[in-house]
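Colleague: I'll drop the sequence and a predicted model, then ask my questions.
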Amino acid sequence: MKLLILDRDGVINHDSDAYIKSVAEWLPLPGAIEAIAQLHQAGWTVAVATNQSGLARGYYDQATLDAMHAHLRALVAEQGGEVGLIVHCPHGPDDQCTCRKPRPGLLQRIAAHYDAPLTGVWFVGDSLSDLHAATAVAARPVLVKTGKGLRTLTQDLPEGTLIFDDLAAVARHLIHT
């Protein structure tokens, strides 16, 4: 199985410090939807692991989050692709859960779902917490410069972090190498 795991906000869709609270605010980044569809068509399983503390903060409810993910799936399907498992952490930063990145719980849930090892699997994110979650399970940390990515570039990145302009560049690399 060729498994690729993506963070959501800042990788697939525009991010906001005020949170993405509705389907209307969920706007895909240029080329991201097409990239997911192309990866799927090239035999990749594309899963999503996303922190969604807006649930714990009361900014939106589970039905709204489900609608955002249904919208993502529909947009990718229109391009002839498919999104695999989407897992999210509904907790706030002080909840001490095991799923909130940089902890590895979300990635472990994806691995269990697909009965697949995470060693070497690319996890694409835009924040240091994404990269640390990847290294916690021996996955490959991949940083995109979208979302918070440029800010993250100024920090001490985990050894071996790959850097790409955006998700479309990641897709081109994976499909053509």
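Modeller: Perfect, thanks for sending it. Given the structure is predicted, the values throughout are model-derived calculations rather than measurements.
Colleague: quick one, strands of the protein?
Modeller: In the chain, strands defined by DSSP state E lie at 2-6, 44-51, 86-89, 122-125, 140-144, 162-164, listed in chain order.
Colleague: so what secondary structure elements neighbour the longest helix seen in the chain?
Modeller: When the chain is parsed with DSSP state H, its longest helix is helix 62-78. Under the contact criterion of 3 or more CB pairs under 8 Å, 6 or more residues apart in numbering; DSSP states H and E, helix 62-78 touches helix 32-41, strand 86-89. Where C-beta positions appear, they are placed from N, C-alpha and C, glycine not excepted.
Colleague: and the last one, how far from the chain's centre?
Modeller: It stands for strand 86-89. Here the centre of mass of C-alpha atoms in strand 86-89, compared against the chain's by CA atoms, centre = their mean, to the nearest Å, lies 9 Å away.
Colleague: re the thing from before, next, format the strands of the chain as a markdown table and append distance to residue 24 and mean pLDDT.
Modeller: As requested, the strands of the chain are arranged in a markdown table below (distance: least, CB to CB, whole Å; pLDDT from 0 to 100):
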| stretch | distance to residue 24 | mean pLDDT |
| --- | --- | --- |
| strand 2-6 | 22 | 98 |
| strand 44-51 | 18 | 98 |
| strand 86-89 | 19 | 98 |
| strand 122-125 | 24 | 98 |
| strand 140-144 | 24 | 98 |
| strand 162-164 | 28 | 98 |
